[in-house]
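Enquirer: sharing a sequence plus its predicted fold:
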Amino acid sequence: MSPVVAVHAVCATLALLLGPVVLLRRPRGDTAHRWLGRIWVGVMYVALATSMFIEQLRPGHLSFFHALTAFTTITISVGLWAAVRGRVEMHRRFMRNSWFGVVGAFTGAVAVPSRDVPQLATHDPILFTTAVVGLVGGCVALVVAVEVVARRRWTTRPSHAMTSVGSG
């Protein structure tokens, strides 16, 4: 497996795992949601960038997957723009559909026996299992860390009433 494919696989897996956390956790729009969303968008952009250098299906040529990369780059960017502009429903729709695209890409990556993921699982199951457990554990640790830091920042920040002139 090339370094580009490895980075792509790690980022795509993180995006796959983080997506439901960002999409389903409550409340939406709080500090933890924004930080987890930024991380998700970051790993998505890295996965998209690295996918442009993967030519295993048709060496030297662009494929249908490269077109999907371009399309997903646009949908992620529109979703990000919508969040910045406060267009919550548009943001939600674009990000949710982008994550479903990740699910589809993952399905394609593991459903074709000649692709790297099934080959790794078949030929080096210990490395494959270690990588999966490491990525899932790392993702859980990341989510917990963001939640703890966000909660601590929120609960230790002084209220405006306590910091106003003449309050103390």
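Expert: Received, thanks. Numbering: from 1, shown residues only.

Enquirer: okay, now the unreliable bits of the chain?
Expert: Along the chain, segments meeting pLDDT under 70 span 1, 56-61, 154-168.

Enquirer: what residue lies at the spatial centre of it?
Expert: Centroid-nearest residue in the chain, with Cα atoms, centre = their mean: Ala15, separated by 2.6 Å.

Enquirer: wait, that one sits on Val41?
Expert: No - using Cβ atoms under 8 Å, Ala15 makes no contact with Val41, being 9.0 Å away. All C-beta atoms are positioned from the backbone trio N, CA, C, and that covers glycine.

Enquirer: now the helices: where do they sit in the protein?
Expert: 3-24, 31-51, 64-84, 88-111, 116-123, 125-156, 160-163 (DSSP state H).

Enquirer: the first one: how far from the chain's middle?
Expert: Put plainly, it is helix 3-24. 5 Å (Cα atoms, centre = their mean, to the nearest Å).

Enquirer: other SSEs contacting that helix?
Expert: Under the contact definition 3 or more Cβ pairs under 8 Å, 6 or more residues apart in numbering; DSSP states H and E, helix 3-24 sits against helix 31-51, helix 88-111, helix 116-123, helix 125-156.

Enquirer: out of these, deepest packed?
Expert: Of the helices and strands packed on helix 3-24, the one with the most neighbours on average (mean count of other Cβ atoms under 10 Å) is helix 31-51, at a mean of 19.

Enquirer: and the contacts of that one?
Expert: By Cβ atoms under 8 Å, 6 or more residues apart in numbering, the surrounding residues in contact with helix 31-51 are 4-5, 7-8, 11-12, 14-15, 18-19, 21-22, 25, 27, 65-66, 69, 72-73, 76, 80, 83, 95, 98, 102, 142-143, 146-147, 149-151, 153-154.

Enquirer: likewise stretch 123-135?
Expert: With Cβ under 8 Å, 6+ apart as the criterion, stretch 123-135 contacts Val10, Thr13, Leu14, Leu17, Val117, Leu120, Ala121.
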